[in-house]
Structures are given as structure tokens and as C-alpha cells.
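Q: okay, sequence plus prediction incoming.
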Amino acid sequence: MSNKGYEPQDDTLSLIRDNARKELGQRIKKLREKYSLTQTHLADGICTPSMISQIESGRAFPSFQIMSLLAAKLEISVEALTRGLEPGLSTSMQVRKMKTLKEKGDAKTANELADLLIKNKDLLPEALFEIKMDKAECLILMKRYDEAIEYLTELIQEEKEAAPRDTYTLTTLFNLLGRASLDSHKIIEAHRALVLAENLIDDTEGTDLLYGKIYYNLGRCFEHMDRTERAIDYYSKAERIYAKLSNDQTKLADLHYSLGITFSKQDKIKLAQENLDIAQTLYKTASNLAMMNRVRETYAYLVTSRFDRSAAKSELINCISHANVHEDSLHIPYIYARLLSLALDDHNLNEADHYASQISTCNIMNAYDIRSAFIQQVLARFQLLSKNYEEAIKSANNSATIFDKIGLKKEAIKSLQLEVDAYEFTGDLHTALSVSKKITQLFQNEGM
């Protein structure tokens, strides 16, 4: 399914016949002249005078955002401005609106609009498929990851069977599948999809932001797997492309945030600090309050705790007060688990008992979430020290199972070792030996 003629920068122009574009342009021109506005006056604060000229002559079609601003300045609604024009124009406006909503973060409304557009039998096949990809991205943004993965798998199969097969579209789909798998912490599945996307890159033409997205997601994969050198290599490739082709502050912020975490794993604290600082500045520019709080939390745990334990704990407690409990049920217990980990490192059992009791009030089970595995791993450490061996065995086993499912074998081994210790303390040496064999098997599988 070729993407030619349906480029992102002009994705609906092919749906609109020349006479409809010219009619729209003439309506805008008449209204402009009615209010004695020059093209420069009309364009002020909206677009360039040259763009107004192209719109009025029917050589360009305005985006939904520009159309809305022009209509407001001309004291007319978008509906009235486009009334009576061909159905393709109405459809194109809906496509533009859907994409604008998605870009602004209103994925729920964008997804609803995409569903309506998909039912439109008059759409060109290329346009319909593009809208389906937009819907898949909306599902990811809404954190409906399983739906997104199933939907993308169907789209990939559809594209593979198309004649001729479009490599660029297939690459985009594999990247989206990798992203959905990553966001749902299915690291093995994500890595598989992203490697397929990377292998297809050489078959596409030119340099594209898509390359940067693939490299960034591969970096995330390797960072989760603690293969930090590979992660930094891919993040660096993504950074070069983003710096050249994108002014998206959030993309750059995400990249520096990930670099900060990766450098902290290498104990390169100065580089971690620099990248987290850059990420914080960029998130502030983008007014992304949720990620600003997330950076503060990460900075406190990974950087500040190295130098000032008390300050780090105070900052983490402050982050809890700013956390959105409705958005993510694991976020608050995850912060408490970080506080618990610091308390255990300091051998402060009174503090540890307080943080563990806070975690006990939360639902922390999630079969595919790294944070759930981490929380239960830290709880197992605490329960082991508290001589609550039965609970330690349960927490360690749950943690190891999740880490193993996700593909994080090193972390699974750490949790299994806690389980072994707990069994040894109970005197069940037979089961301890059995779990030790699992550890040996994982070591061999990982080539450690």
C-alpha cells in the first residue's frame, strides 16, 4: 500500500477536487475583502501572507488549526465557511481535526473521530490505512496497549498481503508495535518488532523522523535489558536525527530523560545529572507537568541519593503529594518502594516498616509491569530482614515471574536469589536447591 500522494504534510489534499479548493479560497477572499483586510493582515498571527495567497487561489488547503483561526478572524464558523462544498472537503477537515487532536494529546476524542472516518466508504485506500495507523497510535496514547498490539498485528498482516507492499508503511507499523509493547513492558516482543523495523530501514529512502523514533525505542529496549552501551549508541543516533529534523520539545525531553537513567546505571552521575536537567528544562518548555514531576522523582532516587539521602527522601515524599492517583495506580507504591529501598540501604528498619505499610494498602499486582516487579522485589528484601519468610518467598517469586516474562533476566535472578535465601532461613533446603537450579539455568541462557 503505497504512501505516495498521501504525505503527512498534505495528507488530505488528494481527497479534495480542484473546484472545491478554489471555491473555499474564493469564500475566504470575499470575506477578507468584506472586512477590508489585506492578505498580510489576515495572516497575522496565523500563517504567512504567501500561505493566504495559495489558499485563496486554491493551490493550498489549510490545516484544521489554520482554518479555525481564519474563520474566527473572519467572524464565521468553520461549518458555515465550508457548507455546501463536496463531501470530500468535510472528510478532509475531519482528518485534519483528528490529527490535530492526537498531536495535542486528546487521544480519546481523536480515536472516536478516527472510528467515524474508518466507516467512510468514500476514502481512498491509502487515506483509510493512514487513519487506521492514527487510531493505533491513539490506542497507545490512551494506554490501551493490548488493543493497540492486536490492532497493529492485523494492520501488519494486511500490509504484508498488499500488492505492492509499501516498505515505509510496514516499517512505521513495526515501530508502533514495538512502542506499544515497550509501553506495556513486553520487552522481548518490543525488541523483536523494533529489530524488524530497523532491518526495513535500509529499504526506505532518505532520512526520516521515523528512523529517530525506531532508534529511540531500541535504546529504551536495551536500557531495560541493562545493555547500556547499546542503549546509549541508539539514543545518540536518535538525538542526531531529532536535532536535525524535529523541534518537538517532548521528543527531545524523553530522549534526555532516558539518557539520564542509562548513564546512572553506568555510575556516570555527572552525565546523568546533565541529561536529567536538560529533560526537565524541555518538559517545562512543553508545559508537561506530569513528566516534570517524574524527572524530579528520578533525579532524587538516582542522583541526589548518592550525595544527600535525607534530601532525596524529602523530594520523593514531595513527589507523592503531586502524583496523579487516577492516572496510574502503580505510581505511588512505586515511589514508596524507592523510599523503602533507600531505607533498607541505610539499615533504617523503622523507616522501612513505615514505607512497607504504605505499599501494603495498594494494589501492586500487574503481570507485565516492571514497577510491580520492582516493588515486590524490594518488599521481599524487607520481609526477609523482618523474618517474614513466607511473605518474602511469595513476593520474591512474584517479582521473578514478572521480570522473567518481561525479559529482564538479571533482575529475575536477583529476585530468585531472595527466594533462595528465604527458603534457606525456613530450613527448606530442598526447595532452595531447586530455585538455585533455576538461577543457574538463567545464567546459562544469558551467557553470564
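A: Right, received. Where do you want to start?
Q: how about the contacts made by the closest residue to residue 128 other than its chain neighbours?
A: Ranked by Cβ to Cβ, 6 or more residues apart in numbering and with sequence neighbours excluded, the top spatial neighbour of residue 128 is residue 118, at 6.7 Å. Just so you know, the C-beta spots here come from the backbone N, C-alpha and C atoms, and that holds for glycine as well. By Cβ atoms under 8 Å, 6 or more residues apart in numbering, the contact set of residue 118 is 128, 131, 132, 135.
Q: out of the residues you listed, which comes closest to residue 313?
A: Lowest distance from residue 313 to the contacts of residue 118 (Cβ to Cβ) belongs to residue 135, with 43.2 Å.
Q: surely that closest one meets residue 112?
A: No - with contact defined as Cβ atoms under 8 Å, residue 135 does not count as touching residue 112 (9.9 Å).
Q: the more surrounded of the two?
A: A side-by-side neighbour count of residue 135 and residue 112, using other Cβ atoms under 10 Å, places residue 135 first with 25 against 15.
Q: report pLDDT for the more buried one.
A: What the model reports for residue 135 is a pLDDT of 96.
Q: can you tell me the helix or strand for it?
A: helix 125-141 (DSSP states H and E).
Q: for that helix, packing partners?
A: Judged by 3 or more Cβ pairs under 8 Å, 6 or more residues apart in numbering; DSSP states H and E, helix 125-141 is in contact with helix 87-103, helix 107-118, helix 145-161, helix 167-183.
Q: follow-up on the earlier one: the contacts of residue 118 into a markdown table, with extra columns for distance to residue 302?
A: Output for these, formatted as a markdown table (distance: Cβ to Cβ, whole Å):
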| residue | distance to residue 302 |
| --- | --- |
| 128 | 45 |
| 131 | 41 |
| 132 | 39 |
| 135 | 36 |
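Q: and the least confident of the residues you listed?
A: residue 128 (85).
Q: quick check: it vs residue 94, distance?
A: Distance of residue 128 to residue 94, given as Cβ to Cβ, to the nearest Å: 13 Å.
Q: residue 160 too?
A: From residue 160 to residue 94 the distance is 29 Å (Cβ to Cβ).
Q: who has more neighbours, these two?
A: When residue 160 and residue 94 are compared for neighbours, residue 94 comes out ahead with 18 against 10, by other Cβ under 10 Å.
Q: so how far is residue 65 from the more buried one?
A: 14 Å.
Q: swap in residue 21?
A: 18 Å.
Q: of the two, who's got more company?
A: Neighbours per residue (other Cβ under 10 Å) separate residue 21 from residue 65, with residue 21 holding more: 21 against 16.
Q: how close does residue 280 get to residue 364?
A: 28 Å.
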